[in-house]
Structures are given as structure tokens and as C-alpha cells.
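pasting the structure only:
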């Protein structure tokens, strides 16, 4: 079983609700002293006098109904018996328990059904609002008594009660959602990133890095969704344990995938061994930390610190782009270290979005570089293939039979500069300046001549060995200049193939 102090994030959220939100200007129970008594049954009629043996005074943070059934008595001071503009008041209960409440001796209602064991307990909602009769409230000192149990959890929290307070009637979950709703914008960014890079990886564009970025976005999406789930869904307290576990797992997934991305970008070897080491250290830190905030922070922060070290060392060694990675990771880690209360809060996910946006831009630039390198490699391959074909043709010296003016002549292909179509005939231009009219069509000549000849226009078939330059016009057409200064037109349709063939 894990132990956990009340999360800093939730304290921060509820403090905001209590202090800064006019619609939820709540008054908490006195957190300095409450009285707690063990209960022997879930009978709501057996309210103790809180002075019997076994009862004791404690701070509100010590209220712990987990695997237990207890009575609790607390005090609460109200300045007014209505809200700022006359709204009715309500009792807000947030915590891991089933409970039944009394206000100033009057029964208010139940959140679930407390019981002596799991069989007799019905779990309550994690965040509930009870509506006492308005004449139950008093100006000044008010007594809040409740019976509580929690037998259905899978994690033992050190402070499972998050809030018991009175304020203007409303839904606490709605206030939580209002606090988190700006994060939905970043959630959309995370989801779009996951889909985009997933598709890019499937299509083979920097496959490994694209799929890694897709995983990073997916973990960030799931972590954020798990956070805002408390405002989206009203759930019973056992689900809260699973939600906390999910946040920790997804935080670990985010940190480790970022680390793997950085390691695979800047490390040449021992990547897998380094990942195993970082994962092991993160898991150990999660086990040693008692609070879930600390667990979640450690499994995310340790891989990011390792990434920061790797990027810093790569920057020191002069690796391209390492310095910008180092700066981005340093800013992210420093923000979490300097402002720990931002962790798991709305602003934290803006930091995550900024880090992901940086990774998006870097990957887009990587895609552009990869495309340029691919084009250069294709051009080199085309030039090499063309050179090999030309060398092969010089060795083999393919000859063709040319029929012209009632006579037949054998001509070596390497002697032909280009061929020009002429109304069902072909005009063959040789390197010695002669021009021979051949009875074959230009298409027939294209089939007959070796691959060093390319069709650049419906009227021209050129020997690439004599091409000097290719110029593309603004209209999309082009001009080939041969070594002897001759110029041939290149059609818009064939321009891409000609450029590719010539490299």
C-alpha cells in the first residue's frame, strides 16, 4: 500500500476556490483541532459525546477513515448565514470516504453509506455537495459532526480528507473544471500532436522519432485528461486511487519517452542500457517517496534531468541542435524546481505544451532536412546511374540502322547528339554536324536507343552525354544547352523527370 500526504496540487486548487472564487467563498472547518472517536457500528443514532475513552483531539489533517469507522466533531465559524449576494449555503465534502453529516445537531444527509467493513459500506463520491436546511446555519460558531469510513480503497493515503467547508450553494466539481478548463486547449494540442506524428511515423518520415513524439503527446494527453477528470466526472472515492495511479504512470511515460527521444538523438551507443538505468532509478525514487505528488514528480523529473545532462554533454561536444535542446529542457526543469506548486496544475501543462511545441518544431526541421538529404541522395544516385549507363554505352557502342533516301547506314549511338521528331520521321543530329532524316518515328527511336537518351519534349530525344546545363523558366518549361551551344526545349510535363534523370 502506498502512503501519501494530501496533494499540494489539490490543496492549491481548493485554496483558490476558498479565497479567489466569489461563487465559492467557502469557510473551512477549524483545521487546528477536531475530536475523533472510534465507532463500533454504522448506526447514525449512536452519536458519541466525544469525551468518552478512546476519543482524542487532533488536527483536521489527521482525520483518517481508511479501513476504519470513526466519528468526527469539528467547529466552523460563519460570519453570515447566506452567500455574498444572499445565496443559500451548502456543505462541501471532498475526500476519500463514505460519510453522514450533522450540522448543529441536525442531520444533513449522507454521501454514500459509512459502514464497519467493506460489506456494509457504500462508497461515497469523492466530491459531494450536501444541502442542509438554511435555518441549520448560525452566525458565529457552528458544530459539524460526521460518521465516516473508507474500506474500498487500494491505496492508503496519509491525509485522505481534502475539504470540509460551507459556502454558497454550487457544485465543487464545476469549480474544479472552471479551474482546469483552459488546459483543454493544451489537451487538444497534445491529441493533434499524437495523431500527426503517429501518421508521420507510419508513413516512414523519421519513423522512430515521429513515433516517439506521438507517444510523448499521448502520455501528456492521458496525464492531463487524468488530472481534469475530477472536474469532468463525478466519481466514487475508489476511482480516485486509480486516477492517482494513472497520473503517476502517465507522468512516468511522458518523462521516459522524452528521455528516449533525447538519448536516441544525441547518443551513439548504450541507449538501451541508459534507458534501463534511468527507468530503474525513477522506479526506485517512486517507491521511496511516500507522497503521490513526490512519486509523480520523481518519475517525470528524473528522466528529464537525465535528458538535460545528455543534451548538455552533446552541446559541449559541439553536436548540432544539442544546445537548443539543452536550453529547452533546462527551462522546463528549472520551472518545476523553482515553482513546485505549479506541478500538476494548469500552468504546468502550459509548460508541457511549450516543451512539446519545441519538439514539434525540431521534428519539422528534421523532416525538412531528411527530405533535402533524400533529394540529394536521389540526385547523386541518378547521376551515378547516368554515368554508369554512359560508360557502358561507350564500351558497347550500340549501333542502329538508319534508313534515309533509299540507303541504309549503321550509326553508333554515341555519335548522336539528339533526335528531333519531324512529321512521322526523325531528324538525327550527329556530333560531326550531319543531319540524317530517318524513316522511324521519335517514339520508335526512343525504344531503340539506350537509356542514356531521354525524352525531354514531344519533339526531342537527347543524348545526356552532351547535356551541359538545364534551365527552368518561370512558366515551368525549360531549356537544355548542349556542349556545342545547341539549345532544346523541355516541356512542363517532362521537366520533373528530366531534372531527376540529370540529377
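Yes, it's here. These numbers were taken from a predicted model, which means no experiment stands behind them.

Backbone dihedrals for residue 50, both of them.
Backbone torsions for residue 50, taken as degrees, to the nearest 10, come to phi 60, psi 20.

Hmm, it is touching residue 72, no?
No. Assessed by Cβ atoms under 8 Å, residue 50 is found out of contact with residue 72, at 9.1 Å. Just so you know, the C-beta spots here come from the backbone N, C-alpha and C atoms, and that holds for glycine as well.

Comparing the two, which residue is more hemmed in?
More neighbours surround residue 72 than the other of residue 50 and residue 72, with 27 against 16 (other Cβ atoms under 10 Å).

and that one, helix, strand or coil?
Assigned state for residue 72: strand (three-state reduction, DSSP: H, G, I helix; E, B strand; the rest coil).

Name the residues of stretch 98-109 that come out as buried.
98, 99, 100, 101, 102, 103, 104, 108, 109 (16 or more other Cβ atoms under 10 Å).

of those, closest to residue 212?
Among those, residue 98 lies closest to residue 212 (Cβ to Cβ), at 43.8 Å.

quick one: contacts for the closest one?
Shown in contact with residue 98 (Cβ atoms under 8 Å, 6 or more residues apart in numbering): 110-115, 121-124, 148-150, 237.

and the closest residue to it other than its chain neighbours, how many residues sit next to it?
With sequence-adjacent residues excluded and distances taken as Cβ to Cβ, 6 or more residues apart in numbering, residue 98 is closest to residue 112, at 3.3 Å. Number of residues near residue 112 (other Cβ under 10 Å) recorded here: 21.

what's around residue 34, how many residues?
Number of residues near residue 34 (other Cβ under 10 Å) recorded here: 23.

beta partners of it?
Residues in a beta bridge with residue 34, per DSSP bridges, are residue 58.

So for it, what's the pLDDT?
At residue 34, the model reports a pLDDT of 94.

Point out where the stretch 151-300 of the chain drops to low pLDDT.
Regions of the stretch 151-300 of the chain meeting the criterion pLDDT under 70 cover residues 171-183, 204-206.

mind listing the helices for it?
Per DSSP state H, counting those that start in this stretch, the stretch 151-300 of the chain carries helices over the ranges 172-180, 183-203, 207-232, 237-266, 271-288, 292-316.

buried sites along the fourth one?
I take that to be helix 237-266. Of the residues in helix 237-266, 237-241, 243-263, 265-266 count as buried by neighbour count, 16+ other Cβ under 10 Å.

ok now that helix, how far from the chain's centre?
Computed by Cα atoms, centre = their mean, to the nearest Å, the separation of helix 237-266 from the middle of its chain amounts to 11 Å.

other SSEs contacting that helix?
Here helix 237-266 touches helix 207-232, helix 271-288, helix 292-316, helix 322-338, helix 346-396, going by 3 or more Cβ pairs under 8 Å, 6 or more residues apart in numbering; DSSP states H and E.

of all the buried residues of stretch 98-109, which comes closest to residue 408?
Nearest to residue 408 among the buried residues of stretch 98-109 is residue 98, at 105.4 Å by Cβ to Cβ.

Quick check: bridge partners of that closest one?
Under the criterion used (DSSP bridges), residue 98 bridges to residue 149.

Can you tell me how far the residue lying farthest from the centre of the chain is from residue 437?
The centre of the chain is farthest from one residue, residue 406, which by Cα atoms, centre = their mean lies 76.3 Å away. Distance, residue 406 to residue 437, by Cβ to Cβ, to the nearest Å: 12 Å.

Okay, and residue 408 sits in which element?
Per DSSP states H and E: residue 408 is located in strand 407-412.

where does the stretch 1-150 of the chain dip in pLDDT?
Counting by pLDDT under 70, the stretch 1-150 of the chain contains low-confidence ranges at 1-24.

now the strands for it?
Applying DSSP state E, counting those that start in this stretch to the stretch 1-150 of the chain gives strands spanning 27-28, 34-38, 56-58, 69-78, 89-95, 98-103, 106-111, 127-130, 140-149.

Distance to residue 320 added to these, as TSV?
Output for the strands of the stretch 1-150 of the chain, formatted as TSV (distance: least, Cβ to Cβ, whole Å):
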stretch	distance to residue 320
strand 27-28	55
strand 34-38	61
strand 56-58	60
strand 69-78	62
strand 89-95	51
strand 98-103	59
strand 106-111	59
strand 127-130	50
strand 140-149	60
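
who touches the residue minimising distance to the centre of the chain in this structure?
The chain has residue 217 as the residue nearest its centroid, 1.4 Å off, counting by Cα atoms, centre = their mean. By Cβ under 8 Å, 6+ apart, the contact set of residue 217 is 190, 191, 193, 194, 197, 356.

Let's see that with 7 Å instead.
190, 193, 194, 197, 356 (Cβ atoms under 7 Å, 6 or more residues apart in numbering).
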